[in-house]
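Enquirer: 3D model of this:
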Amino acid sequence: MPEVTIVGSGLAGISAANRLMERGFDITLYEQNDFLGGKLGAHRDGEKDNPHEHCYHMYLNWYNNFWQFMREIGAIDKFIPSPVIGCRLPGDKQRQTRAYLTNPGSPTTILTNMLNGIGSPADQFLSAYSLLDLIGTQWMSGSDLDQTSVKVFFRSRGYSTDGSLAASARTLAEAFASPSYLSSARSYQSLVKYGYRHPDPSLWLLTQNTNDGIFEPWGHHLEKRAKDLGRRFEVRRRTRVEKLHMTNGEVRKLTLGAMPHNPTTERGKRTKATKTWEIDFGGDLILAVPPGALGRLVSPEIAASAPKLEDVRLLRSEPMISLDVYFKRKIPGLTNSITLLQDSNYTLSLLDNSQVWTNPPAGGTALNVISSNADLIVDYPNNVILDLMLEELQRFLDFKLDLKIADHELRNDDVDYARCHVQTNAGEELFVNQVGSWDYRPKATCDIPNLFLAGDFCQTFVDVVTVEGAVVSGLMAAEALRRKRGIGAPIDIVRPDSYPALVPAALALALRPVAYAATAVSLADSMVRSQFSRIFPNG
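Expert: As a prediction, the model looks like this:
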């Protein structure tokens, strides 16, 4: 029987395993953690019941291949629509979360988003118009856009204002975990053009943690399918591939290492294996691992046979700190939507899992808080990170922190510290679509005939790092392998829809006078506010 060894059980690896097994392959899947899912997975600490995510996740309408898998494993009904992205301002403790963006890209919500009260209507219009202009841009090639940052692209448009640029930067930080001056305009164009084609609802949320809602059901689905098809499907957990060995131009031996714990949930130095051993294997190899892990596997021996693989070391990844905060009571004002904390230190956003999950954690409010600008504090001890993020969170939410009386600490606060969890994701960083990165991203195939690559950072028609990007990369690697072996039917890979480029280009051109009029209004408003502040400095 044809065999394939897959390294990594994230979306890319498990998608490839699913389709190849259906076409007659025996599968061996190596995963360095004791849970499936990679950066989308969730784990529990020891005997504690509360699950911890890499971060909260959003699922978009145009994730065609992902949704197909969810239907197959019986998880499609576990998602709920979320049309609104919320926003809270400093001092919003006593008020309801504001609606920041409602189904962006939908003609029916243009006025709603312009009049959200968070930015001036003129700046909100210009922010939305700049996205329309971006997806309608025809005169720049893909390579030119890849060499242009989002900030430079928007700044080059004569209609842009400081307010519209700030609004775009907020949205980008949430989507890319990267500042606009580093993010590729090409990748951002892909994200926007696919989202604008199907804007209602703007996103979906999973009503369970990802381990219970997606990956354990997916693992059981694969086990059942393997039994029905007479195939071998074996998952070897807490086993990391340490080294690849070449024989006659192909990878034919692996050095494996036993992990003492889950490497991606422990901060600090790279986890060392408690023991290592070598195995020979036949068939093909799919590496569905993050850029950093792939770079470590590209030894001089591998690079001599596939020189382009060395370029993966030029890709940049960023940590996103994930903080699970448990409160002893319900915190007022929160909604069940992803919420941005505007002008927050560390670029914070949150999701109230206690309102989204069908079986929420016991007790009061349970938040997952994400820091998209984690470089500032990621090297601090976990207890320091917890204190800093809670203090910043308190600027936006109504809750009490510790009170200290004399030398005796009095736990008279709303935070359930015993259940809080800081996950810095150091070692499990998120690849960011930075300027000029496209040419360094690997394709599904390389110069080593039996080695294939998958992961959200690989070159795909999706381009942008997303859930769907990871799934598509796994399917592309699986199809390249299947085609090479000539086994089974072609793997169906569905491309997302987008408007013909001439449609947004023509609309952007028609609205250009309105954009410049909005610019004039915005500048006039800024001047009036500036003069008012000068004359009445105390308001």
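
Enquirer: packing partners for whichever helix or strand F452 is part of?
Expert: Under the assignment given by DSSP states H and E, the secondary-structure element containing F452 is strand 451-453. Packed against strand 451-453 by the contact rule (3 or more Cβ pairs under 8 Å, 6 or more residues apart in numbering; DSSP states H and E) you find strand 284-287, helix 467-485. For the C-beta atoms, the positions are set from N, CA and C on the backbone; glycine is no exception.

Enquirer: and the first one, average pLDDT?
Expert: Summarised as a single mean, pLDDT over strand 284-287 is 98.

Enquirer: tell me which strands and helices that strand is in contact with?
Expert: Counting by 3+ Cβ pairs under 8 Å, 6+ apart, the elements that strand 284-287 packs against turn out to be strand 3-7, strand 451-453, helix 467-485.

Enquirer: If we use 10 Å, what do you get?
Expert: Packing partners of strand 284-287 (3 or more Cβ pairs under 10 Å, 6 or more residues apart in numbering; DSSP states H and E): strand 3-7, helix 11-22, strand 26-31, strand 239-247, strand 250-258, helix 291-297, strand 451-453, helix 467-485.

Enquirer: Of the ones you listed, which is nearest I493?
Expert: Of all these, it is helix 467-485 that lies closest to I493, at 4.8 Å by Cβ to Cβ.

Enquirer: for L397, what are its contacts?
Expert: Each residue near L397 by Cβ atoms under 10 Å, 6 or more residues apart in numbering is listed here: 88, 92-93, 97, 325, 327, 331-334, 339, 341, 350, 365, 367, 390, 414.

Enquirer: Any figure for the gap between it and E223?
Expert: 43 Å (Cβ to Cβ, to the nearest Å).

Enquirer: Y188 should be in a helix, yeah?
Expert: Yes. In this structure, Y188 lies within a helix as judged by DSSP: H, G, I helix; E, B strand; the rest coil.

Enquirer: What separation do you get for the nearest residue to it once chain neighbours are set aside and S143?
Expert: Nearest non-adjacent residue to Y188, counting by Cβ to Cβ, 6 or more residues apart in numbering: V150, 5.1 Å away. Summarising the geometry, the distance separating V150 from S143, computed by Cβ to Cβ, is 16 Å.

Enquirer: I figured E53 hits I214, correct?
Expert: No. E53 is beyond contact range of I214, at 11.3 Å (criterion: Cβ atoms under 10 Å).

Enquirer: For L203, give the beta-bridge partners.
Expert: With DSSP bridges applied, the residues forming beta bridges to L203 are S82.

Enquirer: gap between it and P83?
Expert: With distances taken as Cβ to Cβ, L203 is found 8 Å from P83.

Enquirer: Find the residues that touch each one of those two.
Expert: Between them, L203 and P83 share these contacting residues under Cβ under 10 Å, 6+ apart: 103, 337.

Enquirer: Between those two, tell me which one has more neighbours.
Expert: The neighbour count for L203 versus P83, taken as other Cβ atoms under 10 Å, is higher for L203 (21 against 18).

Enquirer: give the contact list for that one.
Expert: Under the criterion of Cβ under 10 Å, 6+ apart, the contact list for L203 reads 57-61, 63, 79, 81-85, 103, 195, 337-338.

Enquirer: Now, of the residues you listed, which are buried?
Expert: Of the members of the contacts of L203, the ones counted as buried by neighbours, 16 or more other Cβ atoms under 10 Å, are 57-61, 63, 79, 82-85, 103, 195, 337-338.

Enquirer: Return the subset of these lying in helices.
Expert: Helix and strand membership here follows DSSP state H; of the buried ones among the contacts of L203, those in helices are G195.

Enquirer: Out of the buried ones among the contacts of L203, name the ones that lie in strands.
Expert: Using DSSP state E, the members of the buried ones among the contacts of L203 that fall in strands are 79, 82, 84-85.

Enquirer: Show me which of V150 and S143 is the more surrounded one.
Expert: V150 (29 against 12).

Enquirer: List phi and psi for the more buried one.
Expert: When read as degrees, to the nearest 10, the backbone of V150 gives phi -60, psi -40.

Enquirer: got the residue ranges for the helices in the stretch 251-400 of the chain?
Expert: In the stretch 251-400 of the chain, the helices defined using DSSP state H, counting those that start in this stretch lie at 291-297, 300-305, 353-356, 382-393.

Enquirer: Could you export those helices as CSV, including mean pLDDT, distance to E278 and mean neighbour count?
Expert: What follows is those, written out as CSV (pLDDT from 0 to 100; distance: least, Cβ to Cβ, whole Å; neighbours: other Cβ atoms under 10 Å):
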stretch, mean pLDDT, distance to E278, mean neighbour count
helix 291-297, 93, 15, 19
helix 300-305, 96, 14, 13
helix 353-356, 95, 43, 20
helix 382-393, 93, 36, 17
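
Enquirer: quick one: which of those is nearest L507?
Expert: Closest among these, once you apply Cβ to Cβ, is helix 353-356, at 34.8 Å.

Enquirer: which helices and strands sit right next to that closest one?
Expert: Contact analysis of helix 353-356 by 3+ Cβ pairs under 10 Å, 6+ apart lists strand 203-206, strand 321-326, strand 366-371 as its packing neighbours.

Enquirer: just how off-centre is the helix or strand following the shortest one within its chain?
Expert: By that I understand strand 203-206. Proceeding C-terminally, strand 203-206 gives way to helix 210 as the next helix or strand, assigned by DSSP H and E. Going by Cα atoms, centre = their mean, to the nearest Å, the spacing between the C-alpha centre of helix 210 and its chain's C-alpha centre is 13 Å.

Enquirer: repeat for stretch 12-26
Expert: Computed by Cα atoms, centre = their mean, the chain-centroid distance of stretch 12-26 equals 23 Å.

Enquirer: Any idea which of the helices and strands packed on strand 284-287 gets closest to T207?
Expert: When the helices and strands packed on strand 284-287 are ranked by proximity to T207, the top entry is helix 467-485, at 16.1 Å, counting by Cβ to Cβ.

Enquirer: any idea how far I487 is from the residue nearest to Y188?
Expert: V150 sits 43 Å away from I487, taking Cβ to Cβ as the criterion.
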